[in-house]
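Peer 1: all I have is the shape, not the residue letters:
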């Protein structure tokens, strides 16, 4: 796949930037529908701006990260503009206050100063106050513009941060969001309410996209996502962590409950029928393998993920399928094999 992406980018004259690799990977691996045709429409040697626009529309993390950096730089620039304006406009204000102070001191020193002296000082003071009003207006305009810029940037950053943690195709949280949730879980007392992590691989999903096209693959991903949402409680988390890989963080469940939920999810996926293009009476079925780990047998987020991955790897070994829970004995055996 890496070689295919590099060749495709070289043939199209696309810069070898990380976010461009991400864009072509999504297109070549059956990502968002119509992404391939959108890239093809750009022709050869497309501009980076055009590529970034496609990546942003598809909510790809690399392009959203680039937009986040731009928004953050906009905030920095706005603050610098405000600081410069404050420095620039406060000088005339200080001068006006000095003029007024000098005028009042002269009045105190010479209450019966001549009318000509009084008139001259009054004209100077009036001119200074007029300049001060101009400075105040400029500063108020700058504050208003900066406030609007900061508000827009904060709104954009918040939207991008939400999008960065969500899978663009399925609408589910992504791997980064799942990792953050697992880490937060261990900041609390996991012994009080044990949790379970289920990592699943939807078999035949990637092959379906490769054989019948990304649109069919995208339809199947969305159907699976809809099933997964309905299979867990609102307090649980289901995330898409790879093209055909999903993770479920189940809160306040026993090992037996986690096994039963994984079985129910597998049965629901196996009942799916994916209609194939130009084949009215043909449909493709899917299957699912799952690896389960529980907080009762691990010491932290990394162990929870590693144990679930171990169980999934073992159950899929030699092309087999099924559901397997990682037990302490299994973990010890895997550790021995890795050391050997």
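Peer 2: Received the coordinates, thanks. Quick caveat: nothing in here was measured; it's all calculated off a predicted structure. Numbering: from 1, shown residues only.
Peer 1: number of nearby residues for residue 35?
Peer 2: When neighbours are counted by other Cβ atoms under 10 Å, residue 35 registers 24. Every C-beta, even on glycine, is put in place using the N, C-alpha and C of the backbone.
Peer 1: let me fix that: residue 73
Peer 2: Applying other Cβ under 10 Å, we find 11 residues neighbouring residue 73.
Peer 1: for the residue most central in space within the chain, which non-adjacent residue is spatially closest?
Peer 2: For the chain, residue 164 is the residue whose C-alpha lies nearest the centre (Cα atoms, centre = their mean; 0.9 Å). Once flanking residues are discounted, residue 164 sits nearest to residue 64: 5.0 Å by Cβ to Cβ, 6 or more residues apart in numbering.
Peer 1: got a list of what that neighbour touches?
Peer 2: When the contact criterion is Cβ atoms under 8 Å, 6 or more residues apart in numbering, the partners of residue 64 are 56, 160, 163-164.
Peer 1: please flag which of these sit within strands.
Peer 2: Among the contacts of residue 64, the subset assigned to strands under DSSP state E is empty.
Peer 1: if any of these are buried, put those into a PyMOL selection.
Peer 2: Only the buried entries of the contacts of residue 64 go into this PyMOL selection, using 16 or more other Cβ atoms under 10 Å:
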select buried, resi 160+163+164
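Peer 1: which ones among the contacts of residue 64 lie within helices?
Peer 2: 56, 160, 163-164 (DSSP state H).
Peer 1: would you turn those residues into a markdown table with pLDDT and distance to residue 14?
Peer 2: Output for the ones in helices among the contacts of residue 64, formatted as a markdown table (pLDDT from 0 to 100; distance: Cβ to Cβ, whole Å):
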| residue | pLDDT | distance to residue 14 |
| --- | --- | --- |
| 56 | 78 | 16 |
| 160 | 71 | 23 |
| 163 | 71 | 23 |
| 164 | 75 | 23 |
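Peer 1: can I get these in a markdown table including distance to residue 229?
Peer 2: As requested, the ones in helices among the contacts of residue 64 are exported to a markdown table (distance: Cβ to Cβ, whole Å):
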| residue | distance to residue 229 |
| --- | --- |
| 56 | 26 |
| 160 | 24 |
| 163 | 18 |
| 164 | 20 |
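Peer 1: which of those residues sits closest to residue 102?
Peer 2: Closest to residue 102 out of the ones in helices among the contacts of residue 64 is residue 160 (53.3 Å), distances taken as Cβ to Cβ.
Peer 1: doesn't residue 70 make contact with that closest one?
Peer 2: No - with contact defined as Cβ atoms under 8 Å, residue 160 does not reach residue 70; the gap is 9.6 Å.
Peer 1: give me the pLDDT value at the residue nearest to residue 164.
Peer 2: Per-residue pLDDT puts residue 64 at 73.
Peer 1: next one: residue 148
Peer 2: So, for residue 148, pLDDT stands at 81.
Peer 1: helix or strand for residue 176, just tell me which one.
Peer 2: Assigned by DSSP states H and E, residue 176 belongs to helix 175-185.
Peer 1: show the subsequent helix or strand relative to that helix.
Peer 2: Defined by DSSP H and E, the subsequent element after helix 175-185 is strand 196-203.
Peer 1: could you point out which element follows that next one?
Peer 2: Taking DSSP H and E, what comes next after strand 196-203 is helix 205-212.
Peer 1: what's whichever helix or strand comes after that following helix in contact with?
Peer 2: Note on helix 205-212: by DSSP H and E, the next helix or strand toward the C-terminus is helix 214-230. For helix 214-230, the surrounding residues in contact (Cβ under 8 Å, 6+ apart) are 27, 30-36, 169-172, 202, 205-206, 208-210, 238, 240, 243, 246, 248, 265, 268-269, 272, 274, 276-277, 284, 286.
Peer 1: gap between helix 214-230 and the chain center?
Peer 2: Put simply, helix 214-230 sits 20 Å off its chain's centre (Cα atoms, centre = their mean, to the nearest Å).
Peer 1: and it, what's its mean pLDDT?
Peer 2: Mean pLDDT, helix 214-230: 90.
Peer 1: then stretch 10-20?
Peer 2: Confidence over stretch 10-20 (mean pLDDT, whole number) is 86.
Peer 1: buried stuff in it?
Peer 2: Of the residues in stretch 10-20, 12, 14, 19-20 count as buried by neighbour count, 16+ other Cβ under 10 Å.
Peer 1: and which of these is nearest to residue 99?
Peer 2: residue 19 (56.5 Å).
Peer 1: helix or strand: which one has the closest one?
Peer 2: For residue 19, the element it lies in under DSSP H and E is helix 18-28.
Peer 1: the helix or strand following that helix packs against which elements?
Peer 2: Per DSSP H and E, the first helix or strand lying C-terminal to helix 18-28 is helix 35-41. Packing partners of helix 35-41 (3 or more Cβ pairs under 8 Å, 6 or more residues apart in numbering; DSSP states H and E): helix 18-28, helix 48-57.
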